[in-house]
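Chemist: generate a structure from the sequence data that follows.
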Amino acid sequence: EIYTQFDTLSLHDALPIRAAHHESGAPPPHAPWLPPLPEHLERARLSPHTSNAVIVGLSDHPGEQAQRPLTVSLGDGTWRFVGGPGSGRSSALRTVVAQLAERFGPAAAAVYAVSAHPSLSGLAGGSIVGATVTVEETGRMRRLLALLDGVVARGRAPGDPATVLVIDDWDLVARPDTPWAARVEHLVRTLPSAGGLVLASGGRGLGSARAFTGGGIVLLGGLEPADLLLHGVRPGELPQPCPPGRGLRVSDRAEVQLAHPGGTPPSPRTRRRPPGIFDLPERVRLSDLLADSGDRRETVPDLVVGVGDSGPLTWSTMTWGTTLLVAGTPGSGRTTTLRCLGEQWLGRGGPVLVHGPGLTTLVGAHELSGTLTASQVDDLERGHGPCLVLVDDADLLSPSLEQVLTTLVLGGDSSRRLALAVRPRTVATAFRGVVPALSARATAVLLGDIGRHDGEPLGVQFEPTLTRCPGRGLLVVRGRVEEIQVALAEAPPSD
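Modeler: Alright, predicted model coming up:
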């Protein structure tokens, strides 16, 4: 074996040689390996696509002396980006959506994004984005899941865009105690078979989610050793250091660097966009709804209660019956609901009987008392039609008032209407009296935060609903459930 003086060169000896080579102007010598992946990769540096996929980053293959594009295709089924906070997992979703928009456009891809926080709100308005929804937007979330269920049921017809479901914060969106967990997991299993694509980001819960079978997985930084072992990856295999977007593709153990999405690219002008997911207005005036419904006060004795998916919702005795139960906590809009009904009935010249401090200011209404007799009510109705009876805070009704309501409204074939407001707990616990009698008739407006079991006295079941919007709730009419925003009279009281 022959040794030369170069075998003993130290780094100190090599520096002058490098400097001399640089000063000579000679081209750099060929390196025996490629440079490492960049710690920050801008999306603008990537080609937008290959033949049938989009490039979202780079993958390193040192054994082959190659760095190849990391691609995502609409036909991949599912992709998971698993990592801790700050690992670049949410940015990965935004990068993929931006690349899909540049490559395919709205004619080939329709994106719907779900998150626990407004982390994906920047996607709204993109040319291929139908909606970005947070799990707190219960009405929009319900509509989105219904739309996606329809996509799965119909399948993807030729010429239809591929539906892309983007889920950020999987650990919170699909947490077992949330109302949406089962339906979201079902969509993850079924949407790929309907020609769709699911993109998800999250932490440990996403890494162990059973809803995903196969598909692409990228493990990012911030994971515990146990999280890596779930995928057969030893802790030492994850790149170190691990800047945002740096990770390991599980399928081939390739080190990858995901591109940063950068700013939102301008959306091209196009008339074709995916169907949006609308929300009910937070405030709606009674006068506007009366105008939308044709203001049929003189011919049809229907009372407008609020607005729903199908437009104005009216209380018709033919479909709803003669009683309406309004359940909600203070501040939820239950008194406003009663006042809305009273204003309309008084405007038609009909007699109104009221009980409760929030209703005494209704001009022209009569106070309901425990000594009211049937002959007195008959006198009120003579020439004016049947009475509308409004009772607020029915949790505190005296026995004498309960007897009056039972006799004058609930007994026989009375055509008088009764709207009664109570707390949700009273609906669930009362077992005799007026409240259970109205619950059995299964027509009610449930306002505010609604629990999983609040519909059982009405014979229905629905997912829990959280809302910060007064007057927002669910309308139940004999087994049918619809979201509602209660109408505001001209001068709404504080509930």
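Chemist: number of nearby residues for the closest residue to residue 445 other than its chain neighbours?
Modeler: Computed as Cβ to Cβ, 6 or more residues apart in numbering, the closest residue to residue 445 that is not its neighbour in sequence is residue 326, at 4.9 Å. Placement of C-beta: from N, CA and C, glycine included. Using other Cβ atoms under 10 Å, residue 326 has 28 neighbouring residues.
Chemist: can you pull the contacts of residue 326?
Modeler: Each residue near residue 326 by Cβ atoms under 8 Å, 6 or more residues apart in numbering is listed here: 334, 337, 338, 419, 420, 421, 422, 444, 445, 447.
Chemist: that one should be in a strand, yeah?
Modeler: Yes - according to DSSP: H, G, I helix; E, B strand; the rest coil, residue 326 belongs to a strand.
Chemist: is it in a bridge, and if so with what?
Modeler: Per DSSP bridges, the residues bridged to residue 326 are residue 421, residue 445.
Chemist: longest helix anywhere in this protein?
Modeler: helix 138-154 (DSSP state H).
Chemist: which one of the contacts of residue 326 is nearest residue 486?
Modeler: Distances from residue 486 to the contacts of residue 326, taken as Cβ to Cβ, are shortest for residue 337 (4.9 Å).
Chemist: and the next helix or strand past the host helix or strand of the closest one?
Modeler: Using DSSP states H and E, residue 337 sits in helix 334-347. Elements were assigned by DSSP H and E; along the chain past helix 334-347, the next helix or strand is strand 352-355.
Chemist: name the surrounding residues that touch that next one.
Modeler: Residues outside strand 352-355 that contact it (Cβ under 8 Å, 6+ apart): 338, 342, 345-346, 360, 362, 364-368, 372, 377, 380, 387-392, 397, 401.
Chemist: quick one: contacts of the helix or strand bottoming out on mean pLDDT in the chain?
Modeler: The weakest-scoring helix or strand in the chain, judged by mean pLDDT, DSSP states H and E, is helix 11-24 (a mean of 72). Residues outside helix 11-24 that contact it (Cβ under 8 Å, 6+ apart): residue 29.
Chemist: tell me the gap between that helix and the middle of its chain.
Modeler: Its chain's C-alpha centre and that of helix 11-24 lie 61 Å apart, by Cα atoms, centre = their mean, to the nearest Å.
Chemist: how about stretch 72-83?
Modeler: Between the centre of stretch 72-83 and the centre of its chain there are 21 Å (Cα atoms, centre = their mean).
Chemist: in that stretch, what counts as buried?
Modeler: Buried positions in stretch 72-83, judged by neighbour count with 16 or more other Cβ atoms under 10 Å: 72, 73, 74, 76, 77, 78, 79, 80, 81, 82, 83.
Chemist: just stretch 402-421 next, same as before
Modeler: Buried, per 16+ other Cβ under 10 Å, within stretch 402-421: 402, 404, 405, 408, 409, 410, 416, 417, 418, 419, 420, 421.
Chemist: show the average pLDDT along that stretch.
Modeler: Stretch 402-421 shows a mean pLDDT of 81 in the predicted model.
Chemist: can I get it in CSV, CA atoms only?
Modeler: Taking only C-alpha atoms (Å, rounded to 0.1, in the frame of the first residue of the first chain), the coordinates of stretch 402-421 have been written out as CSV:
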residue,chain,number,x,y,z
GLU,A,402,-100.9,25.5,34.0
GLN,A,403,-104.6,24.7,34.5
VAL,A,404,-105.7,27.7,32.4
LEU,A,405,-103.4,26.7,29.5
THR,A,406,-104.5,23.0,29.7
THR,A,407,-108.2,24.0,29.6
LEU,A,408,-108.1,26.9,27.1
VAL,A,409,-105.5,25.8,24.6
LEU,A,410,-104.6,22.1,24.9
GLY,A,411,-108.0,20.7,25.6
GLY,A,412,-110.4,19.6,22.9
ASP,A,413,-110.1,20.7,19.3
SER,A,414,-109.1,24.3,20.1
SER,A,415,-107.7,26.3,17.2
ARG,A,416,-105.9,28.7,19.6
ARG,A,417,-102.1,28.7,19.2
LEU,A,418,-99.7,28.4,22.1
ALA,A,419,-95.9,29.3,22.0
LEU,A,420,-94.1,28.5,25.2
ALA,A,421,-90.5,29.3,26.1
